[in-house]
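Undergrad: just to be clear, the model below is a prediction. Sequence and coordinates:
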Amino acid sequence: MKKSWMFLLTLIALALVALVAMNARASDDENQLIQLERAWNQAEAGANPAAIVSLFEKTLVYVDYDGSLMSKAEYLRSVRNPCPSPKLQPALKSARYGNVL
């Protein structure tokens, strides 16, 4: 009986160690992602396309706030020459289908 309790306690301890290790790995990934996002924001705010080149692959497809798609070259041009004001959206029309608008 004593051996089974020792075995059970050992199993629980190993499970806790594994759980802590997994959380530490997730935390490292989160920190790396936050650092990459911070570098991207700083490069974009400083209109520095050279810093952005190293962050993304050639296959980047950037989706702008209005849903428009840009290739990496187009995105870098938009960072280099930022638009002073957001693009105006055309007036939207709505239609009623039964009781749904």
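TA: Yep, it's here. Values in this document were obtained by computation on a predicted structure and should not be read as measured data.

Undergrad: CA only for contacts and neighbour counts going forward, please
TA: Will do.

Undergrad: which helix runs longest in the chain?
TA: helix 2-45 (DSSP state H).

Undergrad: and for the nearest residue to residue 72 once chain neighbours are set aside, the neighbour number?
TA: Distances taken as CA to CA, 6 or more residues apart in numbering place residue 60 nearest to residue 72, at 5.2 Å, with adjacent residues excluded. Using other CA atoms under 10 Å, residue 60 has 12 neighbouring residues.

Undergrad: same check, this time on the one 4 residues further on
TA: Counted with other CA under 10 Å, residues neighbouring residue 64 total 10.

Undergrad: same question, the one 4 residues further on
TA: Using other CA under 10 Å, residue 68 is surrounded by 8 other residues.

Undergrad: residue 63 now?
TA: Neighbour tally, residue 63, other CA under 10 Å: 12.

Undergrad: just list whatever residues bridge to it.
TA: Following DSSP bridges, residue 63 is listed with bridge partners residue 69.

Undergrad: tell me how far it lies from residue 74.
TA: Per CA to CA, to the nearest Å, residue 63 is found 11 Å from residue 74.

Undergrad: do the same with residue 52
TA: 12 Å.

Undergrad: those two - which one has more neighbours?
TA: When residue 52 and residue 74 are compared for neighbours, residue 52 comes out ahead with 20 against 13, by other CA under 10 Å.
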